[in-house]
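A.B. asks: I'd like to go over a predicted model; first the sequence, then the structure.
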Amino acid sequence: MDLKTHYLGLELKHPVVASASPLSRDIDGVIRLAEAGASAIVLFSLFEEQIQFERESLEYLIGRSTDSFAESLSYFPMPNEYNLGPGDYLELIHRAAHAVDIPIIGSLNGVSEAGWTEYAKDIVEAGAKAIELNIFYVPADLDQTGHHVEDQYVDIVKAVKSVVNVPVAVKLAPFFSSMGNMGRRLVHAGADGLVLFNRFYQPDFDIDERVVESRLDLSSASEIRIALLWISLLHGRLHCSLAATSGVEGATEVVKYLLAGADAVMTTSALLRFGPKYLGSMVEGLEAWMEEQGYQSVTQMKGCMSHLKCAEPEALVRANYLKVLQSYKSTYVP
């Protein structure tokens, strides 16, 4: 049984990748994920705020900032509130690259070009085989157009690709008005892969204390559907790798994403629930399903249920929508 796949030009022993999470915040966690069978590891993200805080703190300490700058520093989390600072992050990449024999992928989380190119180069020099751009931006300015928002993403990809010689993937949210066109723009800008989709953690309200509340809810298999749809639609139509990263609870979701056309399937929530060793059971489940269905390789099954494989793809999308609405049966009994 050939489980190998190619993602971002990297040959992986199987499609299941450990995505960015607290499990990779130190070298012991990286080694545990590798020993559990991960085919690649995306390290937890280095945030733009961390880079900015480090730079502005340095400027303040050497006396180049104004007297009021100390107050502005309070708006940033203190260094000990992050897992690692930028320097420690690069050291982790360096150690991880030498400690395990699978690809280490660095992750940058931000919204502007400032600092991204410099740290992208540093991440590559530290030993990362690829970079994942985890771009987070909420366009709260009502005067800002959707085209301007899209341009920001494209500009970041161009800037990073201009200074690194490793593959670059972009982790996207599903909120663009034309996801397919946006994906194509990013690929034309130099993106080697798209990761679908980012689970941006939205705030909640504490109605008793009337304060904004931040809470992390792990994903569930029910979140697979929008990423499944778009991977199916984009497979074979964009010249880039596709990775799935929403709602991967077990081998079933891995199989579904591969049938849709994903090159790699990333998981975090399942590993946080059940531990790194659960990754091995996901791979075993994939292999068992392939054997039962008569597939000899991941390549053979990849994209079998993609949009391009449908006899009438446009009719299928619309017909499926109508079928779902008309087939629902209410359980309410008056």
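C.D. replies: Sure thing, it's come through.
A.B. asks: How many residues are close by I135?
C.D. replies: Neighbour count for I135, taken as other C-beta atoms under 10 Å: 21. Placement of C-beta: from N, CA and C, glycine included.
A.B. asks: got it, and Q293?
C.D. replies: 10.
A.B. asks: quick one, what contacts the nearest residue to it once chain neighbours are set aside?
C.D. replies: The shortest distance from Q293 to any residue other than its chain neighbours is 7.8 Å, reached at M301 (C-beta to C-beta, 6 or more residues apart in numbering). Contact partners of M301, counting by C-beta atoms under 8 Å, 6 or more residues apart in numbering, are L258, L259, M290, Q293, Y295.
A.B. asks: got it, and P203?
C.D. replies: V212, E213, S214.
A.B. asks: Which ones among those residues map onto strands?
C.D. replies: V212, E213 (DSSP state E).
A.B. asks: ranges for the helices of the stretch 201-334 of the chain?
C.D. replies: 224-234, 251-260, 269-274, 278-293, 298-301, 313-327 (DSSP state H, counting those that start in this stretch).
A.B. asks: Secondary structure of L33: a helix, I assume?
C.D. replies: Yes: L33: assigned to a helix according to DSSP: H, G, I helix; E, B strand; the rest coil.
A.B. asks: pLDDT wise, what is it at?
C.D. replies: Listed pLDDT for L33 reads 97.
A.B. asks: Skip the chain neighbours and tell me the closest residue to it.
C.D. replies: Nearest to L33 is A18, by C-beta to C-beta, 6+ apart, at 4.6 Å.
A.B. asks: Just give the number of residues close to the one you found.
C.D. replies: A18 has 28 neighbours, counted by other C-beta under 10 Å.
A.B. asks: right, and it touches F44 too?
C.D. replies: No: between A18 and F44 there is no contact under C-beta atoms under 8 Å: 10.5 Å.
A.B. asks: and for the two, which residues touch both?
C.D. replies: S24.
A.B. asks: that older thread, can you put the helices of the stretch 201-334 of the chain in a markdown table and add distance to I31 and mean pLDDT?
C.D. replies: Below are the helices of the stretch 201-334 of the chain laid out as a markdown table (distance: least, C-beta to C-beta, whole Å; pLDDT from 0 to 100):
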| stretch | distance to I31 | mean pLDDT |
| --- | --- | --- |
| helix 224-234 | 29 | 93 |
| helix 251-260 | 23 | 96 |
| helix 269-274 | 14 | 92 |
| helix 278-293 | 13 | 96 |
| helix 298-301 | 26 | 96 |
| helix 313-327 | 44 | 63 |
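A.B. asks: Can you give me the buried ones in stretch 143-162?
C.D. replies: By 16 or more other C-beta atoms under 10 Å, the buried positions in stretch 143-162 come out as V149, E150, Q152, Y153, V154, I156, V157, A159, V160, K161.
A.B. asks: and if you look at stretch 203-223?
C.D. replies: S219, A221, E223.
A.B. asks: And that stretch, end to end?
C.D. replies: 18 Å (C-alpha to C-alpha, to the nearest Å).
A.B. asks: Check the offset of that stretch from the chain's centre.
C.D. replies: 21 Å (C-alpha atoms, centre = their mean, to the nearest Å).
A.B. asks: now stretch 253-269
C.D. replies: For stretch 253-269, the distance to the chain centre is 12 Å (C-alpha atoms, centre = their mean).
A.B. asks: How about the contacts made by M182?
C.D. replies: E150, Y153, L172, F176.
A.B. asks: ok, now with 7 Å
C.D. replies: E150, F176 (C-beta atoms under 7 Å, 6 or more residues apart in numbering).
A.B. asks: The strand or helix carrying it: which residues count as buried?
C.D. replies: Remark: M182 resides in helix 179-189, with elements defined by DSSP states H and E. Using 16+ other C-beta under 10 Å as the test for burial, helix 179-189 gives M179, M182, G183, R184, R185, L186, V187, A189.
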